[in-house]
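A.B. asks: Need a 3D model of the sequence below.
(one chain, ligands or ions: 1)
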Amino acid sequence: MNNIHFYKYQGTGNDFIIMDNRNGEYDWLTEEQVNELCDRRFGIGADGLMLLNKSEDYDFAMKYYNADGREGTMCGNGGRCLVAFAHKMGVGDGNFYFIAVDGEHAATIDGDSWVNLKMKDVDTVEHGPLYYYLNTGSPHFVKYVEDVQAVDVFNEGRGIRYNDRFAAEGTNVNFVQKFEDGIFVRTYERGVEDETYSCGTGVTAAALTFAGKEEKTYTVPVQTLGGQLEVKFTKTGERTFENIWLCGPATLVFEGNISK
Ligand SMILES: N[C@H](CCC[C@H](N)C(=O)O)C(=O)O
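C.D. replies: Numbers count the residues shown, from 1 in each chain. Next up is the predicted model:
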C-alpha cells in the first residue's frame, strides 16, 4: 500500500482532489484508483482529481482526471484550484504560466483564494435553433431556458450527452437562464455523469453566448449552484472571442492522507 497526501479544493462547489506530483511520487496512480478516490461514499469524494506536475518550461503542468478516472479535457474550476494550490506550495509570485491539456494558460491570484484564469481563445461557435455548441477547453452544449431551477438537469443533460451525435465523445450540457445583469448556469458534466455545482469551462461557454452582437470587451457575472463567478472577454468577430478570463474563488477545504 502507498500513502497519498492529498489536498481537497473547491471552486464554487466544483470540487477536486489535488496531489503534489512534482517529484513523480504518484506516477503509479491508475484510472481505477482515481475513480475510487473520487467516489463520494467509498473514497474521498470529488468531481475530479488533479496532479501538480513539474514542467521545464512553465511554473507547472496540470494533469486532470474526471471522477470516472479517465483523463479529461480542460477543467476551468480545476485550473483555478490548482493555481491556488501551487501558490500555497510556494510556486510562482502571484502570476502563473502553466501548461494543460489544451495548451498554455496564464493566471493570477488575488490574496490566497481569488484566481483569475486565462482560457483558450474560441474561434468557432455552432448556433442551432435552440442551442449553441462550442469548445472552451472542453466541449459544451448550451441551451437557454425560461426557468433554470425547473430543469431536470440530470435526465435532460444525460439525454443530450448520450444522444446519437454526442454518445461517442460525450459533451458537457449547460442550461442557462438570462437575468438583467447576468446569467444563471446549471451543468451536466461529462465524466462526472451528473450535475455539478459549477463547471468553469461551461460557465465560460455560456457567458460567451450571452454576449451581444457588438465586438467589444464584456464582463459577465455568472451565478451557479455553488456560487458566483465572473467571465471577462473580448468579442472580436461574430463567432470569435479572445482574452477570455474565468475569475472566482478557489478554496482549500482540508488536507489528509489515504492509502492505496
Ligand atoms: N468534465 C469536463 C472537464 C471538467 C470541466 C469542469 N469541471 C470545469 O470546471 O471546466 C469534461 O470532461 O469535458
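
A.B. asks: For the rest of this, base every contact and every neighbour count on C-alpha atoms.
C.D. replies: OK.

A.B. asks: okay, stretch 140-157 in CSV with CA atoms only?
C.D. replies: Extracted C-alpha coordinates of stretch 140-157, given in CSV (Å, rounded to 0.1, in the frame of the first residue of the first chain):
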residue,chain,number,x,y,z
HIS,A,140,-20.1,22.4,-24.2
PHE,A,141,-23.7,22.2,-25.4
VAL,A,142,-25.5,25.4,-24.2
LYS,A,143,-29.3,25.7,-24.0
TYR,A,144,-31.2,28.8,-22.9
VAL,A,145,-34.3,28.1,-20.7
GLU,A,146,-37.1,30.1,-19.1
ASP,A,147,-36.6,28.8,-15.6
VAL,A,148,-33.2,27.1,-14.9
GLN,A,149,-34.3,25.9,-11.4
ALA,A,150,-37.2,23.9,-13.0
VAL,A,151,-34.9,21.9,-15.3
ASP,A,152,-34.3,18.2,-14.6
VAL,A,153,-30.6,18.7,-15.3
PHE,A,154,-29.6,15.1,-14.7
ASN,A,155,-32.1,13.4,-17.0
GLU,A,156,-32.3,16.1,-19.7
GLY,A,157,-28.5,16.6,-19.6
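
A.B. asks: Can you list the buried residues in that stretch?
C.D. replies: Residues of stretch 140-157 classed as buried by neighbour count (16 or more other C-alpha atoms under 10 Å): H140, F141, V142, K143, Y144, V148, V153, F154, G157.

A.B. asks: and stretch 109-129, anywhere near the ligand?
C.D. replies: No: remark: stretch 109-129 sits outside contact range of the ligand, by C-alpha under 6 Å from any ligand atom, the gap being at least 10.1 Å.

A.B. asks: Could you report the neighbour count for I183?
C.D. replies: Using other C-alpha atoms under 10 Å, I183 is surrounded by 20 other residues.
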